[in-house]
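[1] Model the following, please.
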Amino acid sequence: MTRFNISPYSEVLDSFSSILHYADMQKTIPYAMSLKKILPVFILPLSLFFFLLGPVKASAHPHVFVDCSLTFEINGQGLAGVRQKWWFDEMFSSMILGDFDKNHDNKLTPEEAAALEQGAFVNLKNFNYFTRVLVDGKERDQIEAVDFKPSVEDGTLVYEFFVPLNITEKKKHVIMVAIYDKSFYTAVQMDPQNKISTHSEKYQTSLDLRPVAEMAYFYDQMVPEAAVLTMLPE
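    Down below sits the predicted model:
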């Protein structure tokens, strides 16, 4: 599933492949070379190599893949919040729907949707719903999600929910929103063309997607892409 044609974490996975390739190369060392000569040459750099990349090797393989699109909702008071839509990969969709779509009709009744929310969504609160928000350079520590609506599109599980921000101060604002999982267990692909829904003519707005160094994580080696909204009051 590649809805937005972006390959996440490819550099990390390439590093993992390099480790395996290095291990295979060791088999070509002539047996005539004594172990005493080999160890001083290889053991220190190899130990350092695995020390630096060991955490990546342990956690770099994603098990769940998500395509994500954001819609920034602006009203007469300011930015109400961000509506998110997630499309899950076929394997994860099949697993979750197998648990909660009781009659296997690829539709979710209100009862099935409520059970899915409790069993497969509310726990994401412990991870801020994989959502990181910077407002004028200041981080929002607590992320809330409301209006959760799961559905099925062409056999694919879809989550839709709203993250309130309530930014009402009449001044220039720069809002950065990134969706990612620091553990690398879930790989998120962001829509390169996120949207603005506005019911007000009081603001000039611009929206783009770009890497944001202020959000770097994993020892500053990973820099996520964020949807960056700029708002200017008229």
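[2] and the closest residue to Y203 other than its chain neighbours, what does it touch?
    Of all residues not flanking Y203 in the chain, M231 sits nearest, at 5.0 Å (C-beta to C-beta, 6 or more residues apart in numbering). All C-beta spots, glycine's among them, are computed from the backbone N, C-alpha and C. Counting by C-beta atoms under 8 Å, 6 or more residues apart in numbering, M231 touches I74, G78, L79, I167, K172, H173, V174, I175, Y203, Q204, T205.
[3] M231: helix or strand, and which one exactly?
    Element membership of M231 [criterion: DSSP states H and E] is strand 225-233.
[4] The residue most central in space within the chain: what's it in contact with?
    For the chain, the residue nearest the mean C-alpha position is Y180 (2.2 Å; C-alpha atoms, centre = their mean). Neighbour list for Y180: F130, R132, V188, P224 [criterion: C-beta under 8 Å, 6+ apart].
[5] So what's the predicted local confidence for it?
    Per-residue confidence (pLDDT) for Y180: 97.
[6] ditto for I19
    Looking at I19, the pLDDT reads 36.
[7] do the same with A32
    39.
[8] what does the one 3 residues further on give?
    The predicted local confidence for L35 comes out at a pLDDT of 42.
[9] Now do the buried residues in the strand holding M231.
    E225, A226, A227, V228, L229, M231 (16 or more other C-beta atoms under 10 Å).
[10] Stretch 81-99 now?
    By neighbour count with 16+ other C-beta under 10 Å, stretch 81-99 contains the buried residues 81-89, 92-93, 96-97.
[11] and which of the residues you listed is nearest V212?
    V82 (15.2 Å; C-beta to C-beta).
[12] what's near enough to touch the closest one?
    Taking C-beta under 8 Å, 6+ apart as the test, what V82 contacts is L70, T71, F72, E73, T131, V133, F162, V163, L165, V177.
[13] and the nearest residue to F127 once chain neighbours are set aside, what does it touch?
    Leaving aside its chain neighbours, F127 sits nearest to D181 (7.2 Å; criterion: C-beta to C-beta, 6+ apart). Contacts for D181 (C-beta under 8 Å, 6+ apart) come out as F127, F130, A187, V188.
[14] same check, this time on Q84
    C68, S69, L70, T71, Y129, T131, Y159, E160, F161, F162, V163, I179.
[15] Okay, and the beta partners of it?
    L70, F161 (DSSP bridges).
[16] and the residue nearest to Y203, what pLDDT?
    M231 is given a pLDDT of 96.
[17] Check E201 too.
    The per-residue pLDDT of E201 was computed as 85.
[18] Next step: the contacts of M231 restricted to helices.
    Applying DSSP state H to the contacts of M231, no entry is found in helices.
[19] could I get the residues you listed as JSON lines with neighbour count?
    Putting these into JSON lines (neighbours: other C-beta atoms under 10 Å) gives the following:
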{"residue": "I74", "neighbour count": "20"}
{"residue": "G78", "neighbour count": "19"}
{"residue": "L79", "neighbour count": "24"}
{"residue": "I167", "neighbour count": "18"}
{"residue": "K172", "neighbour count": "12"}
{"residue": "H173", "neighbour count": "20"}
{"residue": "V174", "neighbour count": "13"}
{"residue": "I175", "neighbour count": "21"}
{"residue": "Y203", "neighbour count": "19"}
{"residue": "Q204", "neighbour count": "11"}
{"residue": "T205", "neighbour count": "15"}
